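> Got a predicted model here, sequence first, then my questions.
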Amino acid sequence: VAPIFVKENISVAVPNYSLCPKVTIEEIVKQMLSCLKYLYLNADQLGFDRNRIYIAGHSAGGQLVTQLMCALWPLYDKRLPINLINGGLSLSGIHDMQMIMQTPYLQGDLKLTKQAVAKLSTAYLRPNLKTKLIAAVGGDESSEFIRQTQLIADAWPKQLEKMMILINKNHLSAVLELAQKDSSLVKSVLKLIKAKK
């Protein structure tokens, strides 16, 4: 995904994180908090504007995007602003973890508790007010992925920049739209990023 955005003079970081069942989802969220903290505090050295951070994620990454949009950054580290993130793209994200906990083959690896579901279900959490969200999903994805995307769009009306259904795209092909310079998804993300002067 990097070349399209780099050509638009946008710096790109592609982080990695540990996977379940080796770690819990809460630990993955902590890893992403640490990643964003590092990027923010080292922005000058890395050569990008710390006041213009946007994030994107697909599937589990889409859930992480909304988790980070809810983060109480100054409580995590007093050097961080509450609105550390300006906007995000959640592509085919899961925002109500209750359904995941009730899916046996997933629960075997994720080992979600009721407490974890409450903390991780971002459709029921409060995002940072100034952060904008693009919620997107493939039109050929399962009804549950489409429901989850509609759920976050409905739950966060003040943050919602746009909800998109990517026609003829399934769960795997939807993410490939981020590598297509003329796709509606890329155009929407670029518009979101460039809206802030």
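Sure, I can see it. Numbers count the residues shown, from 1 in each chain.
> For the chain, give me the ranges with low pLDDT.
For the chain, applying pLDDT under 70 flags the ranges 196-197.
> Check which helix or strand the most centrally placed residue in it maps to.
For the chain, the residue nearest the mean C-alpha position is Val65 (1.9 Å; C-alpha atoms, centre = their mean). Using DSSP states H and E, the element containing Val65 is helix 60-69.
> okay, now the closest residue to Gln98 other than its chain neighbours: neighbour count?
Of all residues not flanking Gln98 in the chain, Val117 sits nearest, at 5.5 Å (C-beta to C-beta, 6 or more residues apart in numbering). Where you see a C-beta, it was placed from the backbone N, CA and C, and this is true even at glycine. A count of nearby residues for Val117, using other C-beta atoms under 10 Å, gives 19.
> was I right about Val117 contacting Met97?
Yes: at 4.5 Å, Val117 and Met97 qualify as touching, with contact defined as C-beta atoms under 8 Å.
> got the angle between the lengthiest helix in the chain and helix 60-69?
Using DSSP state H, we find that the single longest helix of the chain is helix 25-41. Helix 25-41 runs at 60 degrees relative to helix 60-69, counting by axes from the mean of the first three to the mean of the last three C-alpha atoms, to 10 degrees.
> Check which residues of whichever helix or strand comes after helix 25-41 are buried.
Downstream of helix 25-41, the next assigned helix or strand under DSSP H and E is helix 43-46. Within helix 43-46, the residues that qualify as buried are Ala43, counting by 16 or more other C-beta atoms under 10 Å.
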